[in-house]
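# No letters, just coordinates:
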């Protein structure tokens, strides 16, 4: 845990140091476009952090994460040794009176991946724990969830579409340097449930979005919300819990057309009490990234780290390309 907090302190120091070299700019593109890719939370409308202001945009994101959780209790077994690559398409359209409509279409690749050898060297070099990863064959695939001995999810190495999400955002206040919006989301059960690409139910989310300019070069964002997932309708039915989430981000410019973003996100657990610490405890993710602006286009890259060793992948690497008409 101390290593995680040291990393966090380093990120804050970098942000503070670079902020002394900012230059004047005129617009901000919001928090990093990443979401929690923990496999058993991935199909319950995992939130993105967003800015309060509305926009017209088309974006494509490529995310890759690695997860290792092999834990059990008297009633549950959660076995995850896998990597996930996600290609997502997001479209947003602003209507009159400050209303924004959006759609998010994800495509997932579940695989054994290629990162295990690198992670082994990384853990050994710096003395970080590997959570028992070295006890399994390198680059092997396992995705299985059981309740009371009965199978709930049995993932396979394949490419498949996930649950498609629709969103509506309404700007409530946009005065000078401050913005406040409310957002609603509806996720449809389009993913294969038994293989872990969806939950087979409709999920609903609602959130409050805020942003505030603290200088001409720095913007801060806050999001707070709640998701009401439907039941997981896998091989065995599971009643999922509504969960709270919140997060914030700071975007600051270090030169013309180039900014850095530091972002924090936390959420409560989605599953009922399992007796498995990696599932029951809250998830906390810390992300650091950069964004390059070129006219009406932007390109961002980020790295996300799991701070609490629960409810999140070991890491998430994300690339996003956005076009604004």
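Done, it's in. These numbers come from a predicted model, not from an experiment.
# Next, the spatially most central residue of the chain: secondary structure please.
Geometric centre of the chain, nearest residue: residue 35, 1.3 Å, by CA atoms, centre = their mean. Here residue 35 is recorded as coil under DSSP: H, G, I helix; E, B strand; the rest coil.
# element containing the nearest residue to it once chain neighbours are set aside?
Closest residue in space to residue 35, ignoring its immediate chain neighbours: residue 46 at 4.3 Å, by CB to CB, 6 or more residues apart in numbering. The C-beta positions use only the backbone N, C-alpha and C, and glycine is treated the same way. Residue 46 belongs to no helix or strand when assigned by DSSP states H and E.
# tally of neighbours for residue 46?
24 (other CB atoms under 10 Å).
# hmm, back to that, my guess is the residue nearest to the centre of the chain contacts residue 48, does it?
Yes: assessed by CB atoms under 8 Å, residue 35 is found in contact with residue 48 at 5.3 Å.
# mind showing which ranges of the stretch 51-200 of the chain have poor pLDDT?
Within the stretch 51-200 of the chain, the ranges that satisfy pLDDT under 70 run 113-139.
# For the stretch 151-300 of the chain, which segments count as strands?
Assigned by DSSP state E, counting those that start in this stretch, the strands in the stretch 151-300 of the chain fall at 158-161, 165-175, 178-187, 203-215, 218-228, 232-233, 237-238, 243-255, 258-267, 283-294, 297-306.
# how far away is residue 217 from residue 319?
According to CB to CB, to the nearest Å, residue 217 and residue 319 sit 24 Å apart.
# of those two, who's got more company?
The neighbour comparison of residue 217 against residue 319 (other CB under 10 Å) goes to residue 217, with 18 against 15.
# correct me, but that one touches residue 250?
No: when contacts are counted by CB under 8 Å, residue 217 is not listed as touching residue 250 (11.0 Å).
# still on that earlier bit, can you say which of the strands of the stretch 151-300 of the chain is nearest to residue 96?
Smallest distance to residue 96 across the strands of the stretch 151-300 of the chain (CB to CB): 11.3 Å, for strand 165-175.
# what's the angle from that closest one to strand 203-215?
Calculated by axes from the mean of the first three to the mean of the last three CA atoms, to 10 degrees, strand 165-175 forms an angle of 30 degrees with strand 203-215.
# Go ahead and name everything in contact with strand 165-175.
The contact list for strand 165-175, computed with CB atoms under 8 Å, 6 or more residues apart in numbering, reads 45, 50, 52-54, 98-104, 179-188, 209.
# So in this protein, which strand runs the longest?
Ranked by residue count under DSSP state E, the longest strand found in the chain is strand 76-94.
# Can you name the next helix or strand after that strand?
Sequence-wise, the next helix or strand downstream of strand 76-94 (DSSP H and E) is strand 99-111.
# and that next one, what does it pack onto?
strand 76-94, strand 158-161, strand 165-175 (3 or more CB pairs under 8 Å, 6 or more residues apart in numbering; DSSP states H and E).
# Pick the most deeply packed of the ones you listed.
Most buried of the helices and strands packed on strand 99-111, by mean neighbour count (mean count of other CB atoms under 10 Å): strand 76-94, with a mean of 19.
# Listing partners with orientation, what would you give for it?
Strand 76-94 pairs in its sheet with strand 57-72 (antiparallel), strand 99-111 (antiparallel), strand 142-147 (antiparallel), by DSSP bridges.
# how about the ones you listed, which one is nearest residue 162?
Among the strands paired with strand 76-94, the nearest to residue 162 by CB to CB is strand 99-111 (4.0 Å).
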